[in-house]
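Enquirer: turn this into a structure:
(chains A and B)
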Amino acid sequence: MNQQLLHQQYDNGLVLLGEHMPWLKSAAFSFLLPAGTCYEPSGLDGLAGMTSEMAQRGCGELDSRAFWERLDQLGVERSSAITTSHSSFSCAMPSEVLSDVLELYGNLVQRPHLPEAQLNDARLLGMQDLRALDDEPSHRCFSELKRFRYPLPFGRISQGTREGLESIQHADVQEFFQRHYQPQGSILAVAGRFDWDEVCAQVQACLGSWRGRDVAALPQLRPHYGSRHVDHASSQTHLALAYDCAPYESPDYYEARALVGVLSDGMSSRLFSEVREKRGLVYSVFATCFSLAGQGSVLCYAGTTTNRAEETLQVLLETIHSLRDGITDDELGRLKNRIKSSLVFEQESSAARSSQIASDWFFLGRVPNRQEVCDRVDSLTCDSLLGHFLSHLPKNFSLVTVGSQPLEVSGAIDNTFGQ
Amino acid sequence: MQLITHSANDGPEIVVLQDPSAFTATFGWFVKTGARDERPEVAGVSHFLEHMVFKGTERRTAEDVNRELDHLGAQSNAFTSEDSTVFYASVLPECQHQAVDLLTDLMQPLLREEDFEMERQVILEEIAMYDDQPPYGAFERAAELFYGEHPLATRVLGTTETVADMLAPQMQEYHRQRYTKDNMFLVASGNVDVPRLHDYVAEQTASWPVAAQSRPAPSPKFSQGYELIERDLVHQHYTVQLWPGMGCNDPDRYALRMLCSILADDSGSRLFWELIDTGKAETATLWPQLFDDCGCLLGYLCCAPEDADENADIWRSVLTQTLREGVSEKELSLARNKISSSLILSDERPGNRLFALGQTWMNRRNYEPLDVVLGKYQDVTTDDVLRAAERTLNVDPVTVKVVGAQD
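Expert: Numbering: from 1, shown residues only, chains lettered A, B, ... in the order given. Got it, this is the predicted structure:
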């Protein structure tokens, strides 16, 4: 199928991307703004989330209720998210209303009311999210891992902190909005059924005069290693383990990603097989690649009842270690099939594709098409994976456990690989 | 898109929603068995069996099963509810034969003792995992209070005790009685080669057991009640409520869904504006659960402990006002747009169509194309919504609260 990336760079720095999926009736967009948690001023943890929440409480001529009603009237499925780098807004909709929805979000990022009278409501909402995290130890262990592994400003979590949320004033929200809701560094990716010329003209009309400064500079990220335990009176001990790997923008990323695939993609993967199927230690175990500020990490999770946590960590580490003995043709073949199928499944969802396009552009400054991805996946061999593993042995581990007891072996994890 | 149904030579039914232009094809075995079909001493056996189905057959080891699914690049999974168990896989069209061969073979698992013991540990870990996620246990306890002696009170996962005590022969007997040709059907959606599918399934299922043990369906007698569950280190305050609802073929089910949307959608609903937008609560929602013979309406409110009493008053007053005054034309119109758009977007993926078709077929051996379903929502009036509210919210619900022992 002919696949073409459509690209338009506006004078103000905004990047508009598009990909036609004419077999769909829907259109979707992902709108990334360089307003993530890493830009929050010190002591105001949670400001990115509160600003996003406040920005959705009315804009242009519409108050909060009228804004939501308009989106409901148009039948828009929407969400917003906060990551380390971005505040983002995502919408999927019947294609015929795309133009109306772009106009609404054009107003949202430029002319939100940020109603002072609702600041406390937004703050309380943030507090709810924080408390919810306290009741979800499997999520909490990843939040704690992020805080532990990534020093400030990178280690902030989207929910912020209680102290941060309590300190935020209305002027802080206004300032964060003015400084970081800006065209420079923003990416708007559209996928599905749409007319590109109309979208370009529409974006020019509603975002062309948007102005802002350059994206704020960030310090270099230097991860923090070691282990940490968080006491939590839970049935299971939740383990989150991270170690270095090639980041998304690295030429070796596919090798690194494939090694994680051997560990964790599918029910025949090594972690599922060794930790769950052969030993029954867990219900949930997985590994995934995560990239932040030029640093790649493999993140692993396992949740197990506390008296089996030591054994689970041991098997987790041994399984990662087993990559040193090589990857079989069968494993690589299955992995290639899974990746290629997933590219086909992606064609069934405008929302999934718009999100992928925006993410690729952020990391790579370009968007590889399906053929390029397939060719790169086909180029992987068992030897190239083993070679990559041996020359990038897992190192710089960070381990966080959330549960009723700390682990005894956790201090020795870096020795597993003889470093 | 074309619906093609097939049932011959006393084989299981095959229902296909064919879309030759689709990029993928999804196949799913729907088994009409779930927690409500279990005897109390084997509570959780349907869900445990769902796991054991992947542990191998006469033709495949457990490792073979996992390897084959991954080799096909399949997006596959399974789930168990109170009244059904579903196994499905989405694949590229050229993988149809292998996918159907595998899924169909899985329906007659060996259920070996050794695998049974290992998987028991996984299920106990699953229960422990949910146990760490409040308000786990509250929905289950509320259903027990609400349904009383009725089989719908059975917990889908069972309990730590029933899972620990279960014996492999008990599961084997349950499987023989429930995984029968007349009690399951294959659904396919997307780019499907229908003739090949028919021939293959007829051949593969010829030796399957035929007649299922019938599902007991005693008349439900709904109870009311209240229970407080105290848990160590729970930070939020959780309230679960159950009201009498409707069966899955009740003509008012469309109005009931619109009522839930108007009252409790996660944005733009009455409870959203009162409790979520104001930051008073983390979650405030209502949704229907529809079964063959009856159903319930579930409510869920989660907030800070210190706000619980005030929020409970607001929650009650929103429901009371709805019962008194009904809903407006504007609210009805917004709910209709929201639901319609969500159905249209969901219908783009063959995988989603499979679940919609499978559920409808399970409920009434019937399929409603998307435009018919949209028409049903179009026809709902404010009077219908008020009637749905009166049929559900007009009595005191069962209420279960989960609070921290420290509060």
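
Enquirer: residues contacting the residue of the stretch 301-419 of chain A found nearest chain B?
Expert: Among the residues of the stretch 301-419 of chain A, A:Ser341 lies nearest to chain B; the distance is 2.9 Å by Cβ to the nearest Cβ. Quick note: C-beta positions are derived from backbone N, CA and C, even for glycine. Residues near A:Ser341 by Cβ atoms under 8 Å, 6 or more residues apart in numbering or on different chains: B:72-75, B:91-92.

Enquirer: any chance of the residues you listed in a markdown table with secondary structure and distance to A:Asp63 as columns?
Expert: Below are the contacts of A:Ser341 laid out as a markdown table (DSSP: H, G, I helix; E, B strand; the rest coil; distance: Cβ to Cβ, whole Å):
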| residue | secondary structure | distance to A:Asp63 |
| --- | --- | --- |
| B:Leu72 | coil | 51 |
| B:Gly73 | coil | 48 |
| B:Ala74 | coil | 48 |
| B:Gln75 | strand | 42 |
| B:Val91 | strand | 48 |
| B:Leu92 | coil | 48 |
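
Enquirer: excluding chain neighbours, what is closest to B:Gln224?
Expert: For B:Gln224, ignoring the flanking residues on the chain, the nearest one in space by Cβ to Cβ, 6 or more residues apart in numbering or on different chains is B:Asp396 at 5.1 Å.

Enquirer: and that neighbour, its phi and psi?
Expert: phi -70, psi 130 (degrees, to the nearest 10).

Enquirer: list the contacts of A:Leu114.
Expert: Neighbours of A:Leu114 in contact, by Cβ under 8 Å, 6+ apart: A:51, A:54-55, A:57, A:170, A:173-174, A:177.

Enquirer: who wins for neighbours among these?
Expert: Using other Cβ atoms under 10 Å in any protein chain shown as the neighbour criterion, A:Ala55 leads the contacts of A:Leu114 with 28 neighbours.

Enquirer: any idea how far that residue is from A:Gly126?
Expert: As judged by Cβ to Cβ, to the nearest Å, A:Ala55 and A:Gly126 stand 14 Å apart.

Enquirer: same check on B:Tyr147?
Expert: 38 Å.

Enquirer: can you give me the helices in the stretch 151-300 of chain B?
Expert: For the stretch 151-300 of chain B, the helices defined by DSSP state H, counting those that start in this stretch cover B:160-165, B:168-178, B:194-204, B:253-264, B:270-271.

Enquirer: the stretch 301-419 of chain A too?
Expert: A:309-321, A:329-346, A:350-364, A:370-378, A:382-391.

Enquirer: may I see the buried residues of the longest one?
Expert: Buried residues in helix A:329-346, counted by 16 or more other Cβ atoms under 10 Å in any protein chain shown: A:331-332, A:334-341, A:343-346.

Enquirer: okay if I get those as JSON lines plus distance to B:Ala389 and pLDDT?
Expert: Below are those laid out as JSON lines (distance: Cβ to Cβ, whole Å; pLDDT from 0 to 100):
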{"residue": "A:Glu331", "distance to B:Ala389": "56", "pLDDT": "97"}
{"residue": "A:Leu332", "distance to B:Ala389": "58", "pLDDT": "97"}
{"residue": "A:Arg334", "distance to B:Ala389": "52", "pLDDT": "97"}
{"residue": "A:Leu335", "distance to B:Ala389": "52", "pLDDT": "96"}
{"residue": "A:Lys336", "distance to B:Ala389": "54", "pLDDT": "96"}
{"residue": "A:Asn337", "distance to B:Ala389": "51", "pLDDT": "95"}
{"residue": "A:Arg338", "distance to B:Ala389": "47", "pLDDT": "95"}
{"residue": "A:Ile339", "distance to B:Ala389": "49", "pLDDT": "95"}
{"residue": "A:Lys340", "distance to B:Ala389": "50", "pLDDT": "93"}
{"residue": "A:Ser341", "distance to B:Ala389": "45", "pLDDT": "95"}
{"residue": "A:Leu343", "distance to B:Ala389": "46", "pLDDT": "94"}
{"residue": "A:Val344", "distance to B:Ala389": "44", "pLDDT": "94"}
{"residue": "A:Phe345", "distance to B:Ala389": "40", "pLDDT": "95"}
{"residue": "A:Glu346", "distance to B:Ala389": "41", "pLDDT": "94"}
